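Engineer: Sequence plus predicted model, see below.
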Amino acid sequence: MLNRSWFLFVIMILAAITGRSQDIHFSQYDRSPLLLNPAMTGDIGDCYLRAGFNNKEQWEKTYVTQSFFADTRLSLDKYTSGTKFGIGGYFYSDKAGDGNLKNSFGMLNMALHKSFNPDQTFWGSLGFSLGLGSLSVDFTKFYFDSQWNGFTFDPDMVNNEKFVANTFSYFDLNIGGMISYLNPDKYKLRVGVSVSHILEPEYSLFDDDVYLGRRYLVHSDMEIPIDRFVLSPSVMFSMQNNTWEALAGSNLSYGFYGVTVSGGLWFRVVRDIIPVLGLEYRRWALQFSYDVNISSQYAATNYRGGLEFSLVKKFCYSPKKVHDLKRSGCAE
């Protein structure tokens, strides 16, 4: 199993470095699991609740991206053995420019997790998310040529522009699947796929036919214990409207006296090098990263990309409670 898993992981990394990058998203994509793949809803091990926040600022706050999520899981072992149900949701906001062009949406996620073996180490997950998105802009923040009074721009003058609307809403649907191999004494492996914007909703503030294209995403991650260290390689590849984004890298963490410190190096293909630093204490996990731009735009960016931080909190059962749940067949 280990050799096959490593072979799969290497193949995914090679696939991720053979294309051209899509627009920038969260570098810490694994810290927004419900946004990454709805099948990850409720995938929280021996914990019963998880919540997290991501914040990314690019180009001196010209672009600000934020997300918040929370999820929980329920055992269905009372009805069918080795079955869990995850439920949660997330809110995502992306703001850009002087006109506060804002793309935001809120989604409700659900997922079903089913074990395929008696030891409950091999799992399959299927999830979906349904919600409402919106696109908005503040046209009063802009100046137009008709507002030039001969000396300066006067915002009180009529702009003579015929805008259809300054806000637009749409329904959205995402689905995803994932397989997991969980052996705490050895290693953990997850491989997932997701499809976003299945309905390809209309996506424009103007009277034209513009649609939000489907986004196809593949991801994989591992946790490999090495004495008191844990190596956590991961890869993500997504494609939308014939453009793509690929991220690959690994964190290395070390635990002592109840504290876990971590560091890592990630690579957004042909665009960014991303160093990462993290700290975890009492199930509070804080992580910082910075995108060092190495693309053809480096002359304009001066290698500056985006500062990002994430905060994730897990609420978990006590070791005694976990033991009791496992004896009753209600935990992994």
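Structural biologist: Noted; the coordinates are in hand.
Engineer: for Leu265, what are its contacts?
Structural biologist: Leu265 sits next to 249-250, 273-276 when contact means Cβ atoms under 8 Å, 6 or more residues apart in numbering. Just so you know, the C-beta spots here come from the backbone N, C-alpha and C atoms, and that holds for glycine as well.
Engineer: Mind picking the two most distant members of the residues you listed?
Structural biologist: The most widely separated members of the contacts of Leu265 are Ser250 and Ile273, with 13.4 Å between them, by Cβ to Cβ.
Engineer: overlap in contacts of those two?
Structural biologist: Residues touching both Ser250 and Ile273 by Cβ under 8 Å, 6+ apart: 265-266.
Engineer: returning to what we had before: tell me which of the contacts of Leu265 fall in helices.
Structural biologist: Taking DSSP state H as the definition of helices, those contribute nothing to them.
Engineer: Now list the buried members of those residues.
Structural biologist: With neighbours counted using 16 or more other Cβ atoms under 10 Å, those contain these buried positions: 249-250, 273-274, 276.
Engineer: What is the nearest of the residues you listed to Gln120?
Structural biologist: When these are compared for distance to Gln120 (Cβ to Cβ), Ser250 wins out at 27.0 Å.
Engineer: hang on, the earlier thing: kindly present the buried ones among the contacts of Leu265 as JSON lines, with separate columns for pLDDT.
Structural biologist: As requested, these are exported to JSON lines (pLDDT from 0 to 100):
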{"residue": "Gly249", "pLDDT": "96"}
{"residue": "Ser250", "pLDDT": "97"}
{"residue": "Ile273", "pLDDT": "94"}
{"residue": "Ile274", "pLDDT": "95"}
{"residue": "Val276", "pLDDT": "97"}
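Engineer: how about these in CSV, adding distance to Thr41?
Structural biologist: As requested, those are exported to CSV (distance: Cβ to Cβ, whole Å):
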residue, distance to Thr41
Gly249, 24
Ser250, 25
Ile273, 31
Ile274, 26
Val276, 24
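Engineer: Which one of these is nearest to Asp119?
Structural biologist: For the buried ones among the contacts of Leu265, with Asp119 as the reference and Cβ to Cβ as the criterion, the closest is Ser250, at 27.4 Å.
Engineer: tell me which element the closest residue to the closest one other than its chain neighbours is part of?
Structural biologist: For Ser250, the nearest residue in space outside its immediate sequence neighbours is Pro233; the separation is 4.0 Å by Cβ to Cβ, 6 or more residues apart in numbering. Taking DSSP states H and E as the criterion, the element that holds Pro233 is strand 229-240.
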